[in-house]
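Engineer: Generate coordinates for the sequence data below:
(one chain, ligands or ions: 1)
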Amino acid sequence: MDHFYDEYNHNVTLTFESEALAKQPGHVWVICRYNNQWLLTNHATRGLEFPGGKIEKGEQPKEAATREVWEETGAKIKSIQYIGQYTVSEKERTIIKSIYFAMIESIEKKDTYYETNGPILLDEIPNNIKEQDQFSFIMKDKVWQKTKDKIASLVKGKEELT
Ligand code: GTP
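Structural biologist: Prediction:
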């Protein structure tokens, strides 16, 4: 388990053990790959980030992941796997987010992408992301750095991630 601070100095705890923090996360975050590219969404206020959001009442985390990816990018998922979980603690609340890795089947054009401006495909995510204003703060702490390494170690045939 890893402990560090995010861009707002909130305490973050990250684990790649199976559902180690909580069986019932409130949020999901979905790292998406499509045709050897990363698929992100352009959030209207936060900027570029992988799609995700709150799990709705009665929804399973994977269902929420599938729905959020569709809503924010128009993408249909081919396969999805659990990667890990992190908590972010603010003064009065702690959010619990499950991280998934999804391979994308197809991307459709839509009229609305909810609170985002829709899909963004990137060959690479820069290493100096902290200095890049177009990226969301949720991409700028160690969660993304460590998740990227974890996914690379899970994916057989490294060319899929290069
Ligand atoms: P409402 O409760 O509907 O108002 O949602 P919200 O806009 O407050 O956001 P949400 O519940 O998604 O998240 C609450 C807070 O947790 C945010 O203001 C962020 O500070 C923090 N947060 C959410 N997701 C992440 C994340 O992935 N990484 C980090 N570091 N912080 C996050």
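Engineer: which parts of this structure sit against the ligand?
Structural biologist: Within reach of the ligand by CB under 6 Å from any ligand atom, the chain has these residues: Asp6, Tyr8, His10, Val12, His27, Trp29, Val88, Ile95, Lys97, Ile138, Asp141. The C-beta positions use only the backbone N, C-alpha and C, and glycine is treated the same way.
Engineer: Tell me how far whatever residue of the chain ends up closest to the ligand lies from Lys130.
Structural biologist: The chain approaches the ligand most closely through Asp6 (3.3 Å), counting by CB to the nearest ligand atom. Counting by CB to CB, to the nearest Å, the separation of Asp6 from Lys130 is 11 Å.
Engineer: Same drill for the two, tell me which one is more crowded.
Structural biologist: Neighbour totals were compared for Asp6 and Lys130, and Asp6 leads with 17 against 12 (other CB atoms under 10 Å).
Engineer: OK, contacts around the more buried one?
Structural biologist: Val12, Val88, Phe137, Ile138, Lys140, Asp141, Val143 (CB atoms under 8 Å, 6 or more residues apart in numbering).
Engineer: ok, how many other residues are close to Pro51?
Structural biologist: 27.
Engineer: ok, for it, nearest residue in space, not its chain neighbours?
Structural biologist: Spatially, and ignoring its direct neighbours in sequence, Pro51 is nearest to Glu72 (4.0 Å; CB to CB, 6 or more residues apart in numbering).
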